[in-house]
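Trainee: pasted the sequence and its predicted model underneath.
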Amino acid sequence: MDGSERKHIWIIANWKSNKTIAQALEWVSIVGPNLERRDYLKVVVCPDFVCLEEVKKAVSVGNFPLMVGSQDLSPFDTGPYTGEEAAKDLEGLVELAILGHSERRKNFSETDEMVSRKVAQANASAIIPLVCVQGKETPVPEGCTLIAYEPVFAIGTGNADMPQDANEVAESFKGKYGPDLEVLYGGSVTSENCKSFLAQEQINGLLVGGASLDPQEFIRIVEISLGL
Ligand code: PGA
């Protein structure tokens, strides 16, 4: 498939709670120079909050075609919310925020309502909200045009969903929320299986966890996406 047939191909690295600043910078110094600039290709790295500023600086200095995103943001505005990172404080630092990841829903009791509030906060700060949905019934908040279908059984297990099933789920979301919704797949994506997901008609990219930590593996995934 050539890039003109779809709006974008998103390849998004979700590092979760991994990498020190030094390790993050090493990754950027390896991945950055290997990325090719294409209008339709959106490569995003989402480090933890501590690494954001240094990663952003390294990407700017290297002029790499790499966007920087966060893995969360606060459902509140700036103010007395200890430990939270407000969207306003992330302005200029991130272009995208992963919201409603199943690990946050499970370990931090994040609800659909909180995810909706986070989407509103992100949009008010011109940060693209990427909402993770766990199944067809997960609601897509208003103002969200980018989601990642991540079935819980597939996350970090090496047991990815069937590409055809993921395609069918993506199609169902687009049927419900409109064709402008872009749908990514996430859950045990590797350089071995990424092609089979990207080749699906309704899938607009990938959210990559474990396999994104290794710079060479991530480069392979991006290169394969360019070859489609
Ligand atoms: P995984 O994680 O690629 O390690 O399965 C994906 C995710 O949780 O975003």
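Mentor: Happy to help now that I have it. Everything numeric in this text was worked out from a predicted model, so none of it was measured.

Trainee: near the ligand, which residues of the chain are found?
Mentor: By the rule CB under 6 Å from any ligand atom, the part of the chain lying against the ligand is 14, 150, 155-156, 186-189, 207-211. For every residue, glycine as well, the C-beta is placed using N, CA and C.

Trainee: which pair in these has the greatest spatial separation?
Mentor: Among the residues of the chain next to the ligand, the pair separated by the greatest distance (CB to CB) is E150 and A211, at 13.8 Å.

Trainee: of these two, which one has the most company?
Mentor: E150 (28 against 19; other CB atoms under 10 Å).

Trainee: which residues touch the residue nearest to the more buried one when sequence neighbours are not counted?
Mentor: Distances taken as CB to CB, 6 or more residues apart in numbering put G186 closest to E150, at 4.1 Å, once the chain neighbours are dropped. Contact analysis of G186 by CB atoms under 8 Å, 6 or more residues apart in numbering lists N14, C132, A148, Y149, E150, A154, I155, L206, L207, V208, G209.

Trainee: out of those, who's nearest K106?
Mentor: I155 (10.1 Å).

Trainee: which helices and strands does the stretch of helix or strand L130 belongs to pack with?
Mentor: Taking DSSP states H and E as the definition, L130 sits inside strand 128-133. Secondary structure elements in contact with strand 128-133, counted by 3 or more CB pairs under 8 Å, 6 or more residues apart in numbering; DSSP states H and E, are strand 96-99, helix 112-124, strand 146-149.

Trainee: from the residues of the chain next to the ligand, which would you call buried?
Mentor: With neighbours counted by 16 or more other CB atoms under 10 Å, these contain buried members at N14, E150, I155, G186, G187, S188, V189, L207, V208, G209, G210, A211.

Trainee: nearest residue to the residue of the chain found nearest the ligand in space, ignoring adjacent ones along the chain?
Mentor: Using CB to the nearest ligand atom, the point where the chain gets nearest to the ligand is G209, with a distance of 2.2 Å. With CB to CB, 6+ apart as the criterion, G209 has its nearest non-adjacent residue at 4.9 Å, and that residue is N14.

Trainee: now do the buried residues in the helix or strand harbouring K174.
Mentor: For K174, the host element (DSSP H and E) is helix 163-177. By 16+ other CB under 10 Å, the buried positions in helix 163-177 come out as P163, A166, N167, V169, A170, F173, K174, Y177.

Trainee: try stretch 146-165
Mentor: Result for stretch 146-165 [16+ other CB under 10 Å]: buried residues L146, I147, A148, Y149, E150, P151, A154, I155, A160, D161, P163.

Trainee: which outside residues touch it?
Mentor: Taking CB under 8 Å, 6+ apart as the rule, stretch 146-165 contacts 10, 12, 96, 98, 101-103, 128-135, 140, 166, 169-170, 173, 181-190, 193, 196-197, 199-200, 203, 207, 209-210.

Trainee: just the C-alphas of that stretch, formatted as CSV.
Mentor: Below are the C-alpha coordinates for stretch 146-165, written out as CSV (Å, rounded to 0.1, in the frame of the first residue of the first chain):
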residue,chain,number,x,y,z
LEU,A,146,-6.8,9.0,17.2
ILE,A,147,-7.2,5.7,19.2
ALA,A,148,-5.2,2.6,19.7
TYR,A,149,-6.9,-0.7,20.0
GLU,A,150,-5.0,-2.7,22.6
PRO,A,151,-6.6,-5.9,23.8
VAL,A,152,-5.4,-6.6,27.3
PHE,A,153,-4.5,-10.2,26.5
ALA,A,154,-2.0,-9.0,23.9
ILE,A,155,-0.1,-6.4,26.0
GLY,A,156,3.4,-7.5,26.9
THR,A,157,2.5,-11.2,26.5
GLY,A,158,4.0,-12.0,23.1
ASN,A,159,0.5,-13.1,22.1
ALA,A,160,-0.6,-10.4,19.6
ASP,A,161,-4.2,-10.3,18.3
MET,A,162,-4.9,-11.7,14.9
PRO,A,163,-4.4,-8.9,12.3
GLN,A,164,-7.8,-9.6,10.7
ASP,A,165,-9.5,-9.3,14.1
